[in-house]
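K.L.:
Make a model of this:
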Amino acid sequence: MKVFPLYLALLLAFSCLPARAAYAQSNRHVLFGDVRVDESKVAGLNPLAFDIILYSEGGIFLARQTVSSNGRYRFNDVPNGRYDLVVEVETKEIARVRVDLSSPLITDLQRDLFLEWKPIARAIPKTTVISAADAYQRSPANKALLDRARQALDQKKYNQAAELLRKIVESDRKDFQAWTELANTHFLQKDYSNAENEYLHAIDAHPGFFQALFNFGRLEITLKNYDVAIEALAKAVKARPESPDANYFLGNAYLQIKKGSVAVGYLNEAIRLDPQGMAEVHLRLAALYNAAGVKDKAASEYEQFLKKRPDYPDRKKLEQFLVLIDNEILGKPRTTDDARHMLAKLSGHVHDVVTGVTVIRLPDAERRTFVETTHVRFAQLTPEELTNYLSTDEPFDKAGAYAIQGRAARYIPRIEGCYYNVVGLPLARLCHSLTELGWSED
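P.N.:
Below is the predicted model of the structure:
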């Protein structure tokens, strides 16, 4: 039996109940809830535990708790505010929900998390080259036992498979493949102690056997023995440097011991080896850069992820982050260098065009005020395109150094909001405000 890393989609629902209403105002809260997991649709190496992490609205780490499947988390003495509740498995974020504790009338808040694991199909190469060093010649009797064990595993008869594999290793202590399959079987059964011992037997018999090293490293991550996991996964990467999964798990193990600078190299290598399959690693890197205050690199990771996952459900949330990375107001350029700087900042990003309008009726001074915002996606400009656009007169009397109604239209693949707001004035809302004040076209 081959054991591959478990790729899971997560369906997250939640219930939110104020557990106790307090009519005396309080600025401290208890946030708690049950973690309920449906594993019925997945057969494989399901997680031993979940990390529940509390972040401030600004992304600052506040607290972490580890709970078992169908366990309960609890954070005490949480101040008023809005928070992100994050669920991680084996250092990978699988869910994030917003929690609002800004009301002083609620002291305790129950937020239950309902998780349903679903397998995601990944393409498996039609042919696999097995190293001669990983082949093992066993006796005909043991070969027959191994075939029967694999059939039992296919039928999910794990106890029967384990008994057959145990007979093989008792008769031949050097059969590293049988040791590995026995460990995999116990890993499936969540018998982690026996699995750990059996992986070590396999590695002792064949120190460079990738499957034993890789799954042993995963097991040690599950058990939070990160130093041991790193040692095993580093050897797995050495044995099979082309494995994106081994690079990914090694990078995440380094993150757990606060060695982000080392982790980044392995995570980037995982992406390089499998750009589509490892697209979510961009989110992991973005979160790492964001926490370190390196906003431009975080934005770059989000942008790369959105190119690979254009239908991502939280796309707008990520694009809003991209809008806010610099928080710089761009007016009209004074010089060519100003215009070049502005266009370079807009290139390849989403930005906001914001117009504030106040309409005053005379003589009674009745007024209407509104702010209109349009999200504008700018294409990635090549150096030649930037130079050519700067050679026109368009950039120099326009806020942001471009005119959407002019030559720059070719560089704007999409907007969200009012087109005329970008041109200069949000006409629809302006007419609505004028109508409210009694204006008529007649």
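K.L.:
in the chain, which segments are predicted with low confidence?
P.N.:
Segments of the chain classed as low confidence (criterion: pLDDT under 70) are 1-27, 39-49, 57-61, 90-92, 102-107, 117-134, 317-329, 442.
K.L.:
Any figure for the gap between the residue in it sticking out farthest from the centre and residue 69?
P.N.:
Going by Cα atoms, centre = their mean, the residue of the chain most distant from its centre is residue 363, 56.6 Å out. Computed with Cβ to Cβ, to the nearest Å, the distance linking residue 363 and residue 69 is 71 Å. Every residue, glycine included, has its C-beta placed from N, CA and C.
K.L.:
Doesn't the residue farthest from the centre of the chain lie inside a helix?
P.N.:
No: membership of residue 363 in a helix is not supported by DSSP: H, G, I helix; E, B strand; the rest coil, which gives coil.
K.L.:
Report the separation between it and residue 357.
P.N.:
For residue 363, the distance to residue 357 - Cβ to Cβ - is 21 Å.
K.L.:
so what's the closest residue to residue 214 other than its chain neighbours up against?
P.N.:
With sequence-adjacent residues excluded and distances taken as Cβ to Cβ, 6 or more residues apart in numbering, residue 214 is closest to residue 236, at 4.3 Å. Listed by Cβ atoms under 8 Å, 6 or more residues apart in numbering, the contact set of residue 236 reads 210, 213-214, 217, 243, 246, 250.
K.L.:
show me where the stretch 201-350 of the chain has helices.
P.N.:
Counting by DSSP state H, counting those that start in this stretch, the segments of the stretch 201-350 of the chain that form helices are 210-222, 226-239, 244-256, 260-273, 281-291, 295-308, 315-324, 336-346.
K.L.:
residues touching the residue nearest to the spatial centre of the chain, list them.
P.N.:
In the chain, the C-alpha closest to the average C-alpha coordinate belongs to residue 283, at a distance of 4.0 Å (Cα atoms, centre = their mean). Residues in contact with residue 283 (Cβ under 8 Å, 6+ apart) are 93, 301-302, 305.
K.L.:
so can I have a markdown table of those residues showing distance to residue 73?
P.N.:
Formatted as a markdown table, the entries for those read as follows, by distance: Cβ to Cβ, whole Å:
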| residue | distance to residue 73 |
| --- | --- |
| 93 | 16 |
| 301 | 28 |
| 302 | 28 |
| 305 | 28 |
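K.L.:
Closest to residue 371 out of those?
P.N.:
residue 302 (25.5 Å; Cβ to Cβ).
K.L.:
residues near the closest residue to residue 414 other than its chain neighbours, how many?
P.N.:
Counting by Cβ to Cβ, 6+ apart, the nearest residue to residue 414 once its immediate chain neighbours are dropped is residue 377, at 4.6 Å. Burial of residue 377, expressed as a neighbour count using other Cβ atoms under 10 Å, amounts to 17.
K.L.:
Surely residue 377 and residue 353 touch.
P.N.:
No: using Cβ atoms under 8 Å as the test, residue 377 is too far from residue 353 to be in contact (11.6 Å).
K.L.:
so can I have CSV of the helices of the stretch 201-350 of the chain showing distance to residue 77?
P.N.:
Formatted as CSV, those follow (distance: least, Cβ to Cβ, whole Å):
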stretch, distance to residue 77
helix 210-222, 30
helix 226-239, 29
helix 244-256, 26
helix 260-273, 29
helix 281-291, 23
helix 295-308, 30
helix 315-324, 29
helix 336-346, 42
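K.L.:
separation between residue 100 and residue 171?
P.N.:
In this structure, residue 100 and residue 171 are separated by 62 Å, where distance is defined by Cβ to Cβ.
K.L.:
go on, residue 424?
P.N.:
Between residue 424 and residue 171 the distance is 84 Å, computed by Cβ to Cβ.
K.L.:
hmm, back to that, ok, and the most crowded of the contacts of residue 283?
P.N.:
Neighbour count (other Cβ under 10 Å) singles out residue 302 as the most crowded of the contacts of residue 283, with 25 neighbours.
K.L.:
my guess is it contacts residue 280, does it?
P.N.:
No: contact status for residue 302 versus residue 280: not in contact, 11.8 Å apart, counting by Cβ under 8 Å.
K.L.:
Can you pull out the residues in contact with stretch 250-259?
P.N.:
Applying Cβ under 8 Å, 6+ apart, the set of residues contacting stretch 250-259 is 90-92, 217, 221, 224, 226-227, 229-230, 233-234, 236-237, 260, 262-267, 269-270, 284, 288.
K.L.:
Now, of these, which are buried?
P.N.:
Taking 16 or more other Cβ atoms under 10 Å as the criterion, what is buried in those is 90-92, 217, 221, 226, 229-230, 233-234, 236-237, 260, 262-264, 266-267, 269-270, 284, 288.
K.L.:
And for residue 252, the neighbour number?
P.N.:
There are 23 residues near residue 252, going by other Cβ under 10 Å.
K.L.:
er, residue 272 actually
P.N.:
Residue 272 has 11 neighbours, counted by other Cβ under 10 Å.
K.L.:
Please apply the same query to residue 87.
P.N.:
Burial measure for residue 87: 21 neighbouring residues, criterion other Cβ under 10 Å.
K.L.:
Same check on residue 420?
P.N.:
When neighbours are counted by other Cβ under 10 Å, residue 420 registers 18.
K.L.:
And it, which helix or strand is it part of?
P.N.:
The secondary structure element spanning residue 420 is helix 419-423 (assigned by DSSP states H and E).
K.L.:
Just the buried residues of that helix, please?
P.N.:
Residues of helix 419-423 classed as buried under the neighbour-count rule (16+ other Cβ under 10 Å) are 420-423.
K.L.:
same thing with stretch 159-179?
P.N.:
When burial is assessed from 16+ other Cβ under 10 Å, stretch 159-179 yields the following buried residues: 160-162, 164-169, 172, 175-179.
K.L.:
Ok, stretch 376-383 next?
P.N.:
In stretch 376-383, residues buried by neighbour count (16+ other Cβ under 10 Å) are 376-379, 381.
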